[in-house]
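# My questions concern the predicted model and sequence given below.
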Amino acid sequence: MRVLLSTYGSRGDVEPLVALAVRLRELGTEVRVCAPPDDDFTQRLADVDVPLVPVGPSARALTLSGPSPSSMPQRAAALMAGQAEVLPDAAEGCDVLVATGMVPAAAGALSVAEKVGIRSVSVTFQQLTLPSLRRRPLAYAGRPFPPEVTDTAVLWEMDAESNNVLFRRALNATRKTLGLAPVDDVREYVVGARPWLATDPVLDPWFATPGLDVVQTGSWILPDERPLPDDLAAFLDAGEAPLYVGFGSMPLHGSGDVAQAAIAAARAHGRRLVLGRGWADLAAADGADDCFVVGEANHQALFPRVAAVVHHGGQGTTMTAARAAVPQVVVPQLADQPYWAGRVADLGIGVAHDGPAPTAASLTAALDTALAGQMRARAADVAGTVRGDGTGVAAKLLREAVADGGPAGRVGGVGGMYRVG
């Protein structure tokens, strides 16, 4: 069996595919990953001996350049054109393609699977792109919803139109080069009748929605056995548990101010600080020995050793902190991150920061709550309910779908031990 895993996005889009790739390979499956050509993605996949098929420009460079919302259709067109050139060869001989990432990336990958005649599955790492009358859709940058519109069904209709305005022309141009018929509804094409939701049902419960048969596999997590760097381990051993502050792949405007606010808030609580450098290149200006700046590090090993985790609210970081039984302060920047901040607050395992620009005062106040004993106790309780076997569920479904035979098209599958809408 051969599987192609496809995405385009940040570390949070690539890391789940690393986890699934390793699990599939353990079961004797040949697997390759199609992702941006960034050095850290290349190295991460090399570390687990999984081939990378690079596609598109550097995700980090694109993120840090801060392109305007008006350029989104052009960027989508370039990405899908690149997929049409690269993915058919990568998919040659594969039995199934797993499409994830941004809507245009998933649409392009699914079109290639259609062209080469293999099975495919559409997977999302957050439920906010799946139509549900229980909540509002995410608005695209530059296309806000009218404030007077509150009917959820109408908002989802507007979301479908936004996807068509932004991506349909580019998608159908790409499909034409592949010899495929045009699609009328981009979101419907990407989501399909039975999408997979690769999130934990405790952190991210999905509720049944008419017309949408969701398979929730659980989060795709790779157990990380890498030791912490010696100097970081020595810092942790040298005193009381520090705080961790990091914003992953977020560019952060005014990153120097954010770093200094984090240091001030930690000192206000008498805590040392581990500062994650991230794509914003956070740094400690004064060089004091109560702050340790770290680049790449094993969060699964680090988070259980800190007093609280302050982060941007990416799905992967939220999940890792929840499994570590550590309180969180989520400072959401964009996209699905406010949703994860709300879930952390609703579960009582952390604090949702008000707005994307933390100050020393706002972080100090949030940490007053996060560091209270009852929140740590609640975080420990919830950690015991969070599952870690989503890759096993997903791998089993993929292998069963291929073993069952049948024509090319979207993979079905059963929901296993998880809720299916």
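Yep, that arrived.

# From now on I want contacts and neighbour counts done on CA atoms only, so please keep to that.
Fine.

# burial count for Thr150?
A total of 11 residues lie near Thr150 under the criterion other CA atoms under 10 Å.

# Equivalent analysis for Glu26, please.
Based on other CA under 10 Å, the number of other residues close to Glu26 is 11.

# any idea how far it lies from Arg2?
Here the criterion is CA to CA, to the nearest Å. By it, Glu26 lies 13 Å from Arg2.

# Ok, Trp156 next?
According to CA to CA, Trp156 and Arg2 sit 36 Å apart.

# What are the structural domain limits within the chain?
2-221+388-403, 230-383 (automatic domain parsing).

# so how far is the worst-scoring helix or strand of the chain on mean pLDDT off the chain centroid?
For the chain, counting by mean pLDDT, DSSP states H and E, helix 59-65 ranks last in confidence among helices and strands (a mean of 77). Here the centre of helix 59-65 is set off from its chain's centre by 16 Å, with CA atoms, centre = their mean, to the nearest Å.

# what residues does that helix touch?
Contact partners of helix 59-65, identified using CA atoms under 8 Å, 6 or more residues apart in numbering, comprise 8-10, 36-38, 249-251, 279.

# again with stretch 87-94
1-4, 34, 53, 97, 109, 112-113, 115-116, 118.

# List the buried residues in it.
Across stretch 87-94, burial judged by 16 or more other CA atoms under 10 Å covers 87-88, 90-91, 94.

# quick one, phi psi at Val31?
The phi/psi pair for Val31 (degrees, to the nearest 10) reads phi -140, psi 150.

# Please name the spatially closest residue to it (chain neighbours excluded).
Val3 (4.8 Å; CA to CA, 6 or more residues apart in numbering).

# three-state assignment of the one you found?
strand (DSSP: H, G, I helix; E, B strand; the rest coil).

# Report the contact partners of it.
The contact partners of Val3, taken as CA under 8 Å, 6+ apart, are 29-32, 94-98.

# Which parts of the protein are strands?
Under the criterion DSSP state E, the chain carries strands at the ranges 2-6, 30-35, 52-54, 96-99, 119-124, 196-197, 215-216, 243-245, 273-276, 291-294, 308-311, 328-330, 350-352.

# just the ones you listed: most buried one?
Mean neighbours per residue, mean count of other CA atoms under 10 Å, is largest over the strands of the chain for strand 328-330, with a mean of 31.

# now what about that one, what contacts it?
Counting by CA under 8 Å, 6+ apart, 308-313, 321, 340-341, 344, 349-353, 366-367, 370 sit against strand 328-330.

# repeat for stretch 17-32
Taking CA under 8 Å, 6+ apart as the rule, stretch 17-32 contacts 1-5, 33, 44-45, 48, 50-53, 220-222, 391-392, 394-395.

# which of the residues in the least confident helix or strand of the chain are buried?
Under 16+ other CA under 10 Å, the buried positions of helix 59-65 are 59-60.

# Can you give me the pLDDT of Pro356?
pLDDT recorded at Pro356 is 93.

# Contact partners for it?
By CA under 8 Å, 6+ apart, Pro356 lies in contact with 331-333.

# Swap in 10 Å and give it another go.
The contact partners of Pro356, by CA atoms under 10 Å, 6 or more residues apart in numbering, come to 252-253, 312, 330-334, 338.

# Among those, name the buried ones.
By 16+ other CA under 10 Å, these give 252, 312, 330-334, 338 as buried.

# Quickly name whichever of these is closest to Gly409.
Minimum distance to Gly409 across those is 33.1 Å, recorded for Leu334 (CA to CA).

# Backbone torsions only: list them for that closest one.
Per degrees, to the nearest 10, the backbone of Leu334 is at phi -170, psi 180.

# distance of it from Ala357?
Noted for Leu334: a distance of 12 Å to Ala357, by CA to CA.

# quick one: pLDDT of Gly412?
So Gly412 comes in at 60 (pLDDT).

# contacting residues for the closest residue to Ala335 other than its chain neighbours?
Sequence neighbours aside, Leu138 is the residue nearest to Ala335 in space, at 6.9 Å (criterion: CA to CA, 6+ apart). Contact analysis of Leu138 by CA under 10 Å, 6+ apart lists 128-129, 144-145, 155-156, 159, 334-336, 339.

# just to revisit the earlier point, turn the contacts of Pro356 into JSON lines, including pLDDT.
Output for the contacts of Pro356, formatted as JSON lines (pLDDT from 0 to 100):
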{"residue": "Leu252", "pLDDT": "82"}
{"residue": "His253", "pLDDT": "73"}
{"residue": "His312", "pLDDT": "96"}
{"residue": "Val330", "pLDDT": "98"}
{"residue": "Val331", "pLDDT": "97"}
{"residue": "Pro332", "pLDDT": "95"}
{"residue": "Gln333", "pLDDT": "92"}
{"residue": "Leu334", "pLDDT": "88"}
{"residue": "Pro338", "pLDDT": "95"}
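
# Take the residues you listed and write them to TSV, including distance to Val202.
As requested, the contacts of Pro356 are arranged in TSV below (distance: CA to CA, whole Å):
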residue	distance to Val202
Leu252	29
His253	32
His312	20
Val330	18
Val331	21
Pro332	20
Gln333	23
Leu334	22
Pro338	17
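
# Just to check, Ala352 is in contact with Gln333?
No - using CA atoms under 10 Å, Ala352 is not in contact with Gln333; the gap is 11.6 Å.

# Overlap in contacts, those two.
Jointly contacting Ala352 and Gln333 under the rule CA under 10 Å, 6+ apart are Gly313.

# quick revisit: closest to Ala170 out of the buried residues of stretch 87-94?
Minimum distance to Ala170 across the buried residues of stretch 87-94 is 16.6 Å, recorded for Leu87 (CA to CA).

# Val411: which of the domains of the chain is closest?
domain 2-221+388-403 (5.3 Å).

# start to end distance for that closest one?
12 Å.

# so what's Ala380 closest to, chain neighbours aside?
Computed as CA to CA, 6+ apart, the closest residue to Ala380 that is not its neighbour in sequence is Ala325, at 4.5 Å.

# What subset of the contacts of helix 59-65 is buried?
For the contacts of helix 59-65, buried by 16+ other CA under 10 Å: 8-10, 36-38, 249-251, 279.
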